[in-house]
Each structure stands twice: as C-alpha cells, then as structure tokens.
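Q: pasting a predicted model and its sequence here:
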Amino acid sequence: MKKLFEKGNSFLGTKYPILGGAMTWVSESNLVSAISNAGGLGVLACGSMDTTKLEREILLTKKKTHKPFGVNLILLHPEIDELIDCCITSNVNIVVFAGGFPKKSQIDKLKSKNIKTICFATTIVIARKMIQNGIDALILEGSEAGGHIGPVSINVLVQEILPNIKEVPIFVAGGIGRGEVILKFLQLGAAGCQIGTRFVCANESIAHSKFKNIFIKSEARNAQISVKIDDRLPVIPVRAIENSATQNFISEQKRLINLVEKKEISLKDAQLSIEHFWAGSLKKAVIDGDVESGSLMAGQSVSLVKKLQSVSEIFKELTQQIESQINFEQKDSNNG
Ligand SMILES: Cc1cc2nc3c(=O)[nH]c(=O)nc-3n(C[C@H](O)[C@H](O)[C@H](O)COP(=O)(O)O)c2cc1C
C-alpha cells in the first residue's frame with residue numbers, strides 16, 4: 001500500500017493520495033480542514049467566493065489544520081487574477097484550476113512562488129498541452145462525477161490517458177466511492193484519486209440536513225445529466241439528482257436564448273448567466289435546504305452514500321477496503 005501511495009502522497013504532501021474534490025458551497029473551512037486532518041488533501045471551492053471571502057476562508061482553514069490543503073479556482077471567475085494573487089499572498093500549497101484550461105502565465109505565476117498547480121484534462125491532446133504549459137499534475141474526471149462534467153466515462157479516460165502520460169502525476173475522479181476501485185486506479189498508474197460526492201454527507205460538511213438526506217436516499221440513476229436545448233448556447237453539462245431545478249434549467253436556457261436573439265445580451269453573457277444560475281440554485285439547496293427547486297449536484301456514486309459519517313470514518317472505510325483487496329489479491333496469487 002505504501003508503495004502504491006508514494007507518488008500521490010509525496011506530490012500532495014499527505015498520508016493518503018486522496019483529494020477531497022472541491023464542491024462550491026460545500027467545501028469550506030470545516031470540510032476542507034477535516035479532510036486534510038484525516039490524511040487527504042482538502043480543497044477549498046472558491047466558485048462562490050470573491051477575493052476577500054477566499055482570503056478569510058484560507059485563514060479559517062489554517063486555524064483548523066496545520067496540514068496542506070488546496071484552493072480550487074474557476075477560470076471563468078471575473079476576479080481570477082486577484083484570486084490567484086490571493087493564493088500567493090496567503091501562501092496556499094496547491095491550486096486546482098477548473099472550468100477551463102489555465103494559461104501558461106497563470107501557471108508560471110503560481111509556480112514561481114512554489115505553489116503546485118493542477119488542472120483537469122479531458123483529452124490526451126489537452127493533457128499534453130497542459131504539460132507543455134508547465135502544469136504539475138492532472139485530474140481525469142469521468143462523466144460519472146457530480147457537478148459540471150465532461151462527456152467521457154472514467155473507464156475510457158484512464159485507458160486513453162494513463163498509459164500515455166508519464167511526465168506528471170495523474171489523479172482520477174468520478175464515481176469513486178469505495179477503496180477497491182481506488183486500488184485499481186493506483187495499480188493502473190494513477191497517483192491518486194479525487195472524491196466529491198462521498199464527502200457531502202460527512203458530519204463536518206455544512207450542507208443542509210435536507211440536502212444530505214436526499215443523498216442518502218438516492219440511487220445512482222437519480223443523478224442525471226442536464227439537457228442542452230439549443231446548439232447556439234453551449235452549456236457545460238451538469239450532473240445532479242433530478243428535481244424541479246432540472247426543469248428550471250431548461251426554462252432558463254429558453255429565456256437566455258430569447259434575450260440573445262433579441263440582441264439584449266451577448267452569447268458570452270448568456271453563458272455566464274447559466275453559471276450564475278447553477279451557483280445560485282446550488283446555494284439554495286446546500287445552504288437553505290430547498291431541495292425542491294435548488295440544484296442537487298451529485299455524482300452517480302451517490303448510491304454509495306448510505307449514512308452520515310465523520311470524514312475520518314470515511315477514510316478508515318476506504319483504506320480498509322484497499323487493504324482487504326490487496327490481501328485478497330495476494331492470497332489469490334499465492335494460491336494460483
Ligand atoms: C455539489 C458539487 C459541487 C461541485 N463543485 C465543484 C467546483 O466548484 N469546482 C470543481 O472543480 N468541481 C466541483 N465539483 C466536482 C468535484 O470537485 C469532484 O471532482 C467530483 O465530485 C468527483 O466525482 P464524484 O462526485 O463522483 O466523487 C462539484 C461536485 C459536486 C457533487
């Protein structure tokens with residue numbers, strides 16, 4: 001186990017090569033510090049924060065943990081340059097870029113201050129381009145994941161990218177809820193895994209109890225991909241548990257296309273409005289507990305969320321599953 005964990009642990013500075021996937025509104029100082037204290041890498045989600053809020057949240061997290069943690073920056077954020085500066089002045093360990101692909105200058109700026117950079121790679125061409133730009137590590141996220149997703153399953157992404165990219169550590173995300181599958185990805189060459197959905201119902205997560213209850217009751221099939229209604233408005237698909245927000249998203253797209261047609265807003269503004277729609281409706285569900293019309297972003301691994309647990313219990317469960325799978329495989333090969 002130690003050997004399999006080595007690459008990811010030494011990159012992240014952790015005991016386990018597991019990142020707590022940043023989740024807007026959910027991944028704040030409590031959950032993030034709990035994940036880092038349990039031996040993983042907690043990552044603050046900055047999707048809903050401005051620079052002042054991020055600075056405060058980093059300080060709060062530092063009060064709750066002395067272990068490394070990361071910050072997730074959404075590249076579409078209007079204050080992205082200020083947020084990068086904030087990560088530098090606050091001396092964070094790792095920045096995870098999301099919602100696009102970082103420019104070389106953005107990567108260089110952080111690296112020159114000894115901050116490690118990670119971004120998502122959706123194809124091998126993008127993976128190579130990001131490595132050329134100097135990125136320190138990559139995340140492959142399958143369409144099983146919760147929140148904004150790409151179109152390809154993790155099963156295919158790992159086959160396409162893991163055997164061909166050796167230059168940087170690669171972390172794998174999407175649909176991960178048990179230790180056995182973490183072990184498989186490590187054996188295939190991944191440096192570690194990123195998990196989101198499984199941490200939503202942690203005791204330390206501030207998500208509303210109604211939000212957590214829906215997760216506990218839901219099956220994988222309830223976490224569906226949003227529908228795009230018009231090619232003129234390219235929206236990033238979102239996986240969420242179906243409710244009225246699923247329908248509201250369709251009406252919102254119609255409203256925005258109408259405004260674009262009447263030239264009342266630009267296409268870019270329409271796309272930004274879509275992102276605001278998601279952030280707003282996620283807040284309604286996560287913070288206010290409005291699980292009827294708020295967005296219930298969740299991955300298919302929601303079916304593996306069975307109860308409220310502390311973060312350390314979740315880590316214990318995952319590592320025990322990894323260990324017993326290793327023992328099973330060893331026994332099996334001794335017998336064979
Ligand atoms: C409620 C929710 C909010 C999310 N918000 C973000 C986000 O702000 N930034 C980001 O990069 N990923 C976000 N994600 C994706 C997670 O960071 C992570 O990659 C994903 O949950 C992994 O898949 P899993 O849910 O199957 O474990 C979100 C996921 C969920 C479920």
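A: Looks like it came in fine.

Q: which other helices and strands contact the host helix or strand of residue 259?
A: Element membership of residue 259, judged by DSSP states H and E, is helix 244-261. Under the contact criterion of 3 or more C-beta pairs under 8 Å, 6 or more residues apart in numbering; DSSP states H and E, helix 244-261 touches helix 267-286. (C-beta placed from N, C-alpha, C; glycine too.)

Q: what does the helix it packs on rub up against?
A: Residues from elsewhere that reach helix 267-286 (C-beta atoms under 8 Å, 6 or more residues apart in numbering): 24-26, 47-48, 76, 99, 148, 206-208, 211, 232-235, 238, 245, 248-249, 252-253, 256-257, 259-260, 265, 290-291, 293-297.

Q: just the angle between that helix and helix 244-261, please?
A: Calculated by axes from the mean of the first three to the mean of the last three C-alpha atoms, to 10 degrees, helix 267-286 forms an angle of 160 degrees with helix 244-261.

Q: helix 267-286: what's the following helix or strand?
A: Taking DSSP H and E, what comes next after helix 267-286 is strand 296-297.

Q: avg pLDDT for that following strand?
A: For strand 296-297, the mean per-residue pLDDT is 97.

Q: tell me what it is packed against?
A: So strand 296-297, by 3+ C-beta pairs under 8 Å, 6+ apart, packs with strand 238-241, helix 267-286.

Q: hmm, it touching the ligand?
A: Yes - interface with the ligand: strand 296-297 contributes residue 297 (C-beta under 6 Å from any ligand atom).

Q: chain center to the helix or strand just after that strand: distance?
A: Next in sequence after strand 296-297, counting helices and strands by DSSP H and E, comes helix 311-335. Mean-position distance between helix 311-335 and its chain equals 24 Å (C-alpha atoms, centre = their mean, to the nearest Å).

Q: show me what helix 311-335 is packed up against.
A: Using 3+ C-beta pairs under 8 Å, 6+ apart, helix 311-335 sits against helix 29-37, helix 179-187, helix 197-200.

Q: pull the distance from the first one to the chain's centre.
A: Averaging C-alpha coordinates over helix 29-37 and over its chain gives two centres that are 15 Å apart (C-alpha atoms, centre = their mean).

Q: follow-up on the earlier one: right, so of the helices and strands packed on strand 296-297, which gets closest to the ligand?
A: Between the ligand and the helices and strands packed on strand 296-297, the tightest spacing by C-beta to the nearest ligand atom is seen for helix 267-286, at 6.3 Å.

Q: which residues belonging to that closest one are considered buried?
A: Applying a neighbour-count criterion of 16 or more other C-beta atoms under 10 Å, the buried positions in helix 267-286 are 270-271, 273-275, 277-278, 281-286.

Q: tell me how far the closest residue to residue 202 other than its chain neighbours lies from residue 24.
A: Nearest residue to residue 202 in three dimensions, chain neighbours excluded: residue 311, at 4.7 Å (C-beta to C-beta, 6 or more residues apart in numbering). Counting by C-beta to C-beta, to the nearest Å, the gap from residue 311 to residue 24 is 19 Å.

Q: the more surrounded of those two?
A: Set residue 311 next to residue 24 and count neighbours by other C-beta atoms under 10 Å: residue 311 wins out with 26 against 23.

Q: how about stretch 96-108: buried residues?
A: So, applying 16+ other C-beta under 10 Å, buried residues of stretch 96-108: 96-99, 101-102, 106-107.

Q: which of those scores worst on pLDDT?
A: Confidence by pLDDT is poorest for residue 99 among those, given 92.

Q: in this structure that one contacts residue 46, no?
A: No - Residue 99 lies out of contact with residue 46 (C-beta atoms under 8 Å); the separation is 10.7 Å.

Q: need the residues touching each of those two.
A: Here residue 99 and residue 46 share the contacting residues 74, 77, scored by C-beta under 8 Å, 6+ apart.

Q: could you give the mean pLDDT of whichever strand or helix holds residue 129?
A: Here residue 129, judged by DSSP H and E, is contained in helix 124-132. Helix 124-132 shows a mean pLDDT of 97.

Q: and stretch 241-257, by the same measure?
A: In this model, stretch 241-257 has an average pLDDT of 93.

Q: return the set of buried residues in it.
A: For stretch 241-257, using 16+ other C-beta under 10 Å, the buried residues are 241, 243, 245-246, 249, 252-253, 256-257.

Q: possible to save the residues you listed as JSON lines with distance to the ligand?
A: Formatted as JSON lines, the buried residues of stretch 241-257 follow (distance: C-beta to the nearest ligand atom, whole Å):
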{"residue": "241", "distance to the ligand": "10"}
{"residue": "243", "distance to the ligand": "14"}
{"residue": "245", "distance to the ligand": "12"}
{"residue": "246", "distance to the ligand": "15"}
{"residue": "249", "distance to the ligand": "15"}
{"residue": "252", "distance to the ligand": "18"}
{"residue": "253", "distance to the ligand": "20"}
{"residue": "256", "distance to the ligand": "21"}
{"residue": "257", "distance to the ligand": "25"}
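
Q: residue contacts, the residue of the chain found nearest the ligand?
A: Closest residue of the chain to the ligand, C-beta to the nearest ligand atom: residue 196 (2.0 Å). Counting by C-beta under 8 Å, 6+ apart, residue 196 touches 20-23, 145-147, 173, 299.
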